[in-house]
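Asker: prediction below, plus the sequence it came from.
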Amino acid sequence: MSRLTIVALNAATQDAAFNQVRDIDPGNIEVVHAGFRSTWANVSARRRSAAVIEQDLPDALRSALARADVVFGFLVPTHLPDLAPQLRWLHTPATGIDHLRGTGVLESDIRITTVGSLFAPVIAEHVLAAMLYFAKRLGHFEQQRRDRTWEMTRVQTLAVHTAGLVGVGNIGSHVARLAKVFGMRVIGVGRTATVARVVPAVDRLLPRSELPALLNQSDYVVVAVADTGETRHMIAAAELAAMKPEAILINVARGTVIDEPALIAALQTKRIAGAALDVFAEEPLPADSPLWDLPNVLLTPHVAANVEGYLASAIAQFADNLRRFLSGAALENEYDRQRGY
């Protein structure tokens, strides 16, 4: 084949992992490392479709992109299609594509792939950890430790409780499997819930129109949908009011899926018992957010999938997809512009 230039952004520390990429066709695949510095605040702004101010790009980055056939990278500069006129494929080591808003890539004909379900099992572990945090009252006992107080109290089991999955795709389906291990009843709402559709470990699948019914029945509501126009503020005041007062809301989707002010109000008034939040409308979470001070909230800084070895695993998956790309086969985890994810 003709020489293929792959520009890997911010991945130079993982150069050895790219040997499996080079070995697909030795001598004909060039991996060029380049740095693109941005901030998590900029990533968050793109996800909200807000304006992003970038610094001038280094000449080395411009030069690399100018001859790129393929780009591997999470952070990419604005106007990427103009900077990389021969770019045919962008692989982003992320589960979604909302961080690419405002870059021009989504509006182009450049093919885009993600990691898909690669880290769904890891995210599902995070969800179950959050359930156990509340069921076993770990926050309460941690405060007792700090206060040097010994007070025995009852805790809960997950068994016989209901996990309600708002989204039964890659992440939701893995959460369902783990929830079943703990003896939970599992119900879910899906974008395409039909009589014929069966999701393993989900006891009952409902269409999105029956979201209030799911919320009313669930002890743990797990939000795991893609961030699209259809899901923006999918969980707002009315949906929170439909939840059980003793229910816990867990969000591992995107902060924009939940109306954050409405959630804060529901938590402050104890309309719902608590929330485990790994994602937020604005990231990093502003220092003046009331969420920091609420005792019924478990906060984590967008780390549900941030497992050790993340990038090496993503590169191995990219290598497999590169074989498909070179052979003309269908790419795995390709972004569908019609569906928006």
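Answerer: Yep, it's here.
Asker: would you mark the buried spots in stretch 49-57?
Answerer: Applying a neighbour-count criterion of 16 or more other C-beta atoms under 10 Å, the buried positions in stretch 49-57 are 52, 57. Heads up, the C-betas are built off the backbone N, CA and C, glycines and all.
Asker: which residues sit against that stretch?
Answerer: Stretch 49-57 is contacted from outside by 36-38, 42, 45-46, 77-78, 83, 101-102, using C-beta atoms under 8 Å, 6 or more residues apart in numbering.
Asker: just the CA trace of it, in CSV.
Answerer: Once non-C-alpha atoms are left out, stretch 49-57 reads as follows in CSV (Å, rounded to 0.1, in the frame of the first residue of the first chain):
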residue,chain,number,x,y,z
SER,A,49,-21.4,23.9,22.4
ALA,A,50,-19.9,27.0,24.1
ALA,A,51,-17.2,29.2,22.6
VAL,A,52,-13.6,28.0,23.1
ILE,A,53,-10.5,30.2,22.9
GLU,A,54,-7.4,28.3,21.8
GLN,A,55,-3.8,29.4,21.8
ASP,A,56,-1.8,29.6,18.5
LEU,A,57,-0.9,26.2,17.3
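Asker: distance between it and the chain's centre?
Answerer: Between the centre of stretch 49-57 and the centre of its chain there are 22 Å (C-alpha atoms, centre = their mean, to the nearest Å).
Asker: do the same with stretch 43-55
Answerer: 17 Å.
Asker: quick check: end-to-end length of that stretch?
Answerer: The straight-line separation of the ends of stretch 43-55 (C-alpha to C-alpha, to the nearest Å) is 14 Å.
Asker: confidence score at Arg197?
Answerer: Among the per-residue scores, Arg197 holds a pLDDT of 82.
Asker: sort out for me which of the contacts of stretch 49-57 are in strands.
Answerer: Members of the contacts of stretch 49-57 lying in strands (criterion: DSSP state E): none.
Asker: make JSON lines out of these and add distance to Ala253.
Answerer: Output for those, formatted as JSON lines (distance: C-beta to C-beta, whole Å):
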{"residue": "Phe36", "distance to Ala253": "26"}
{"residue": "Arg37", "distance to Ala253": "27"}
{"residue": "Ser38", "distance to Ala253": "22"}
{"residue": "Asn42", "distance to Ala253": "20"}
{"residue": "Ala45", "distance to Ala253": "18"}
{"residue": "Arg46", "distance to Ala253": "16"}
{"residue": "Pro77", "distance to Ala253": "26"}
{"residue": "Thr78", "distance to Ala253": "25"}
{"residue": "Leu83", "distance to Ala253": "30"}
{"residue": "Arg101", "distance to Ala253": "16"}
{"residue": "Gly102", "distance to Ala253": "20"}
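Asker: among those residues, name the ones in helices.
Answerer: In this view, these that belong to helices under DSSP state H are 42, 45-46, 83.
Asker: so which residues of the stretch 151-300 of the chain form helices?
Answerer: According to DSSP state H, counting those that start in this stretch, the stretch 151-300 of the chain carries its helices in the segments 170-181, 211-217, 237-242, 260-268.
Asker: much appreciated, bye for now.
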